[in-house]
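**Q** Following is a predicted model, sequence given first.
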Amino acid sequence: MLRAPVAAAPQLAAVQSRLRLTRARLAIAAGTAAVLASVARFHGPNHVLDPVYTDHLQHEYSAWAFLHIGLRIFDTPKDDWGYIPAAHVHLLWEQLPSIYPPGLIAFFLPFGVASNERWLADAHVHMLSVMALGVGALFASLQLFRSLRLVYEPALGTILAALGAVLFLTAGLNGFIDPLAAGLALAGIWWAERGRPGWGLLALMAGLSLQYRLWYLWPVVLALVVERRRELRPWQLATAAVVAAASCVTFGLSVPFVAKFHHIPDITPNPLVLTHGVTAERGAALVAGLVVLAIVLVREGVVRAGCVALALVLVFGVDQWEVWYPVLFVPLLALVRTRAAQIAVALAFLEATIYLGGFPDVLRDVHLYAHAVR
């Protein structure tokens, strides 16, 4: 009589696991369907939630330009690209080259070809790209929930995951690649810590190949390669090395233009950048950042502290800050494991999000969404 429950326990656990997996798949399918149906009803020609500003059009054109002028797109301002036989020209920040890694060009290349070869109407290409970015934001949101629920206290993890999901979905549905890049980084951290270092490395490199501002995660990548090298397959290491080399080449080509951000109209200045002097406000913020760094160093070790240090370099060293940049710092929340470090990083993240960019106006976005899909 006592053996029946013991024998049944593994079977019950297997059933519960299958039920959870089924629910997760249903949630993903329902969310994907909702994103696709919503974007299809967003107003053209951009098909984004907020028509004020978006990024996917310029990336589509940059990818198409790459086919004609190659690496010049990374070291030559768009104004100087010369004649490019394009059916649809979408320019933004013409004083800059493409200041993104090559993975972004690869992602948008099918859309650029489809638009400029006139396989599809330009507005339809915009719609499809926002659909892809919206699904990427959904993936990032679900990965964030999965990453935080196991390492944070339930209440804090749920709150942070919900706030992160708002950032992801708002940016993704407005045509930004950042949520997908952050989601890939989160997936990479998740897989690396759960016995799949090869796939974790590839996911991390995919994320870093989409946005330079995720490069604060390089300490995690390097530690993964050094500490888990015996578990990595040769083709995984080779693929990661090729992606890293290509990204470093394009970074070297475009980085000289980063110092010219403050000369460009419509670039939002970073109020915390230290290159314009240290004020009381900047000094207080720097001290707070160093306190967070010290806590992470003591509680989490050198690798995670290195990521926080590089993130602080971005916050205090780059003379530009746009409201969607907090999306790229969300993976920091999933890196830390101890309670003190989690609280410190979470408070710093929330404070920077509110002070530097302003959290998305959820009520306004809900109104825009309701108006767009009705």
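**A** Structure received. Numbering: from 1, shown residues only.
**Q** shaky segments in this structure?
**A** 1-21, 260, 262-263, 266, 358 (pLDDT under 70).
**Q** do that again at 80, thanks
**A** Applying pLDDT under 80 to the chain flags residues 1-25, 51-53, 258-268, 323, 357-362, 367, 371, 373-374.
**Q** residue closest to the middle of it?
**A** Among the residues of the chain, Ala182 comes closest to the average C-alpha position under Cα atoms, centre = their mean, at 2.8 Å.
**Q** That one: which element?
**A** Using DSSP states H and E, Ala182 falls within helix 178-193.
**Q** and the next element down the chain from that helix?
**A** Following helix 178-193 in sequence, per DSSP H and E, is helix 197-208.
**Q** Just the C-alphas of that following helix, formatted as CSV.
**A** Output of helix 197-208 as CSV, limited to C-alpha atoms (Å, rounded to 0.1, in the frame of the first residue of the first chain):
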residue,chain,number,x,y,z
PRO,A,197,26.7,26.2,-23.1
GLY,A,198,27.0,25.8,-26.9
TRP,A,199,23.5,27.1,-27.7
GLY,A,200,23.9,29.7,-24.9
LEU,A,201,27.1,31.0,-26.6
LEU,A,202,25.4,31.2,-30.0
ALA,A,203,22.3,33.0,-28.6
LEU,A,204,24.5,35.5,-26.8
MET,A,205,26.5,36.2,-29.9
ALA,A,206,23.3,36.6,-31.9
GLY,A,207,22.1,39.2,-29.5
LEU,A,208,25.5,41.0,-29.4
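**Q** what angle sits between it and helix 178-193?
**A** Angle between the axes of helix 197-208 and helix 178-193 is 160 degrees (criterion: axes from the mean of the first three to the mean of the last three Cα atoms, to 10 degrees).
**Q** what packs against the next helix or strand after helix 197-208?
**A** Of the helices and strands lying after helix 197-208 in sequence (DSSP H and E), the nearest is helix 218-227. Judged by 3 or more Cβ pairs under 8 Å, 6 or more residues apart in numbering; DSSP states H and E, helix 218-227 is in contact with helix 178-193, helix 197-208, helix 234-254, helix 302-317. Where C-beta positions appear, they are placed from N, C-alpha and C, glycine not excepted.
**Q** Out of those helices, which one sits most buried?
**A** Comparing these by mean neighbour count (mean count of other Cβ atoms under 10 Å), helix 178-193 ranks first with a mean of 26.
**Q** returning to what we had before: measure how the helix holding Ala182 sits relative to helix 218-227, angle-wise.
**A** Using the same axes, to 10 degrees: helix 178-193 against helix 218-227 is 30 degrees.
**Q** chain center to helix 178-193, what's the gap?
**A** In this view, helix 178-193 has its centroid 8 Å away from the chain centroid, taken as Cα atoms, centre = their mean, to the nearest Å.
**Q** Could I have the CA atoms of that helix written out in PDB?
**A** As requested, the backbone C-alpha atoms of helix 178-193 are provided in PDB (Å, rounded to 0.1, in the frame of the first residue of the first chain):
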ATOM      1  CA  ASP A 178      16.400  46.000 -29.200                       C
ATOM      2  CA  PRO A 179      13.800  43.600 -27.600                       C
ATOM      3  CA  LEU A 180      14.800  40.800 -29.800                       C
ATOM      4  CA  ALA A 181      18.500  41.400 -29.100                       C
ATOM      5  CA  ALA A 182      17.900  41.500 -25.400                       C
ATOM      6  CA  GLY A 183      15.700  38.300 -25.600                       C
ATOM      7  CA  LEU A 184      18.500  36.400 -27.300                       C
ATOM      8  CA  ALA A 185      20.900  37.500 -24.600                       C
ATOM      9  CA  LEU A 186      18.500  36.300 -21.900                       C
ATOM     10  CA  ALA A 187      18.000  33.000 -23.700                       C
ATOM     11  CA  GLY A 188      21.800  32.600 -24.000                       C
ATOM     12  CA  ILE A 189      22.300  33.200 -20.300                       C
ATOM     13  CA  TRP A 190      19.500  30.700 -19.500                       C
ATOM     14  CA  TRP A 191      20.900  28.000 -21.700                       C
ATOM     15  CA  ALA A 192      24.400  28.500 -20.600                       C
ATOM     16  CA  GLU A 193      23.400  28.000 -16.900                       C
END
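**Q** Which other helices and strands does that helix contact?
**A** helix 122-149, helix 154-172, helix 197-208, helix 218-227, helix 331-335.
**Q** now those helices in JSON lines, with distance to Val303?
**A** Converted to JSON lines, those look like this (distance: least, Cβ to Cβ, whole Å):
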{"stretch": "helix 122-149", "distance to Val303": "17"}
{"stretch": "helix 154-172", "distance to Val303": "21"}
{"stretch": "helix 197-208", "distance to Val303": "13"}
{"stretch": "helix 218-227", "distance to Val303": "5"}
{"stretch": "helix 331-335", "distance to Val303": "9"}
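**Q** Comparing those helices, which comes out most buried?
**A** helix 331-335 comes out most buried of the helices and strands packed on helix 178-193 by mean count of other Cβ under 10 Å, with a mean of 25.
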